[in-house]
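A.B. asks: quick check, what structure comes out for this input:
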Amino acid sequence: MACRISEIVVEARDPERLAAFWAEVLGYVVIGREGNAVEIGPPDTGFGGPQPTLVFDRTNDAPRVKLPLHLDVNPTDRDQEDELARLLAIGARHADVGQTGDESWYVLADPEGNEFCLLRRRIDPVSQRARGPR
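C.D. replies: As a prediction, this is how the structure comes out:
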């Protein structure tokens with residue numbers, strides 16, 4: 001037997017705002033709210049599907065140190081430049097982590113400053129078949 005990642009929990013100063021941003025980035029929807037937390041996941045699948053859900057839970061801790069983990073995302077229906085423009089339009093911003101400018105990826109930050117990378121390679125979205133029964 002093995003484990004599978006089912007949820008990724010992110011502490012957020014504004015869980016609703018961060019959930020809305022990441023839902024737009026990933027094509028996810030809000031699947032639940034509990035207390036101060038907002039959970040987003042794939043439409044029609046939600047928790048337990050092939051992709052992990054994201055839970056944004058309120059924290060009042062400030063200032064926050066850099067997270068020891070970041071997400072990488074790949075475009076699924078457009079090229080990297082078009083996806084970069086989309087991400088910037090919905091609230092991402094460029095982040096400087098010492099890049100040289102020769103990288104094949106972009107380092108970005110979400111509305112609360114959490115870094116993530118937009119990779120160049122286009123990948124297929126998770127298909128309906130891979131999502132399993134509903």
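A.B. asks: can we go C-alpha only for contacts and neighbour counts from here?
C.D. replies: Will do.
A.B. asks: what are the boundaries of the helices in the protein?
C.D. replies: Ranges of helices in the chain, per DSSP state H, are 15-26, 80-89, 128-131.
A.B. asks: so which of those helices is the most surrounded?
C.D. replies: helix 15-26 (a mean of 19; mean count of other C-alpha atoms under 10 Å).
A.B. asks: and that one, what does it pack against?
C.D. replies: Contacts defined by 3 or more C-alpha pairs under 8 Å, 6 or more residues apart in numbering; DSSP states H and E place helix 15-26 against strand 29-34, strand 37-41, strand 53-58.
A.B. asks: how far is the shortest one from where the chain is centred?
C.D. replies: Using C-alpha atoms, centre = their mean, to the nearest Å, the mean C-alpha position of strand 37-41 is found 11 Å from that of the whole chain.
A.B. asks: next one: stretch 3-15
C.D. replies: 10 Å.
A.B. asks: nearest spatial neighbour of D57, chain-adjacent residues omitted?
C.D. replies: Residue nearest to D57 in three dimensions, not counting chain neighbours: A37, with 4.2 Å by C-alpha to C-alpha, 6 or more residues apart in numbering.
A.B. asks: what's the weakest-modelled helix or strand in the chain?
C.D. replies: Lowest mean confidence among the helices and strands of the chain (mean pLDDT, DSSP states H and E): helix 128-131, at a mean of 46.
A.B. asks: burial check on R122, number of neighbours?
C.D. replies: Residues contacting R122 under the criterion other C-alpha atoms under 10 Å number 14.
A.B. asks: let me fix that, I meant to ask about E115.
C.D. replies: Taking other C-alpha under 10 Å as the neighbour definition, E115 ends up with a count of 22.
A.B. asks: okay, now the unreliable bits of this structure?
C.D. replies: Low-confidence segments of the chain (pLDDT under 70): 1, 62-67, 127-134.
A.B. asks: domain map for it?
C.D. replies: According to automatic domain parsing, the chain comprises the domains 1-59, 70-125.
A.B. asks: quick one: distance of the shortest one to the chain centre.
C.D. replies: This means domain 70-125. In terms of C-alpha atoms, centre = their mean, the centre of domain 70-125 is set 11 Å apart from its chain centre.
A.B. asks: next one: the longest one
C.D. replies: Once both centres are worked out by C-alpha atoms, centre = their mean, domain 1-59 turns out to sit 9 Å from its chain's centre.
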